[in-house]
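Colleague: Next comes the sequence, and after it the predicted model I'd like to discuss.
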Amino acid sequence: MAERVLRELRYHLLLCDEAGDFCGCQAAGAAEFRTALRRALAERGLARFVKTTIMTCNQPRARGPVLVVYPDGIWYDGLTVEDIPRFLDEQILAGRPLEDKLLRRPLVTGQTAY
């Protein structure tokens, strides 16, 4: 069973839901975005190919909510519920990033803020 699931899995989406003031993802509607994204994945029959996990992004001054597409290493910020259909069509189905929603300079461990 697990082997079949791993064989079908294409993307792992990491979604920030930080409740503090550091990145602002929760204040930017991360919970609503996550719920709507999971619903849209299920409705379009994509949930078995795309796993979603809550994380903390540690990206100060991000527009939020921050979303990381794994294994592609693409970081987004500022996605809204209204962006979900375009995100699914372009990023998930066609493999083309949404250029206007990319987090241009994600911080990595040990790096200081912008």
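Modeller: All right, it came through fine. Numbering: from 1, shown residues only.
Colleague: Okay, strands next: where are they in this structure?
Modeller: Counting by DSSP state E, one finds strands in the chain at the ranges 11-16, 50-55, 67-70, 74-76.
Colleague: would JSON lines of those strands with mean neighbour count and mean pLDDT be doable?
Modeller: For the C-beta atoms, the positions are set from N, CA and C on the backbone; glycine is no exception. Shown next, in JSON lines, are these (neighbours: other C-beta atoms under 10 Å; pLDDT from 0 to 100):
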{"stretch": "strand 11-16", "mean neighbour count": "20", "mean pLDDT": "95"}
{"stretch": "strand 50-55", "mean neighbour count": "14", "mean pLDDT": "94"}
{"stretch": "strand 67-70", "mean neighbour count": "20", "mean pLDDT": "94"}
{"stretch": "strand 74-76", "mean neighbour count": "21", "mean pLDDT": "94"}
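Colleague: Save those strands as a markdown table, and put in distance to Leu102 too.
Modeller: Shown next, in a markdown table, are those (distance: least, C-beta to C-beta, whole Å):
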| stretch | distance to Leu102 |
| --- | --- |
| strand 11-16 | 15 |
| strand 50-55 | 18 |
| strand 67-70 | 10 |
| strand 74-76 | 6 |
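Colleague: can you tell me which residues contact the most centrally placed residue in the chain?
Modeller: Taking C-alpha atoms, centre = their mean, the centroid of the chain lies closest to Leu67, which sits 2.5 Å from it. Neighbouring residues of Leu67 by C-beta atoms under 8 Å, 6 or more residues apart in numbering: Leu13, Leu14, Leu15, Cys16, Trp75, Tyr76, Asp77, Leu79.
Colleague: Also Arg86?
Modeller: Counting by C-beta under 8 Å, 6+ apart, Arg86 touches Leu98.
Colleague: just Ile84 next, same as before
Modeller: Neighbours of Ile84 in contact, by C-beta under 8 Å, 6+ apart: Phe33, Ala36, Leu37, Ala40.
Colleague: quick one: it from Phe22, how far?
Modeller: 25 Å (C-beta to C-beta, to the nearest Å).
Colleague: likewise Ala30?
Modeller: Ala30 is 13 Å from Phe22, by C-beta to C-beta.
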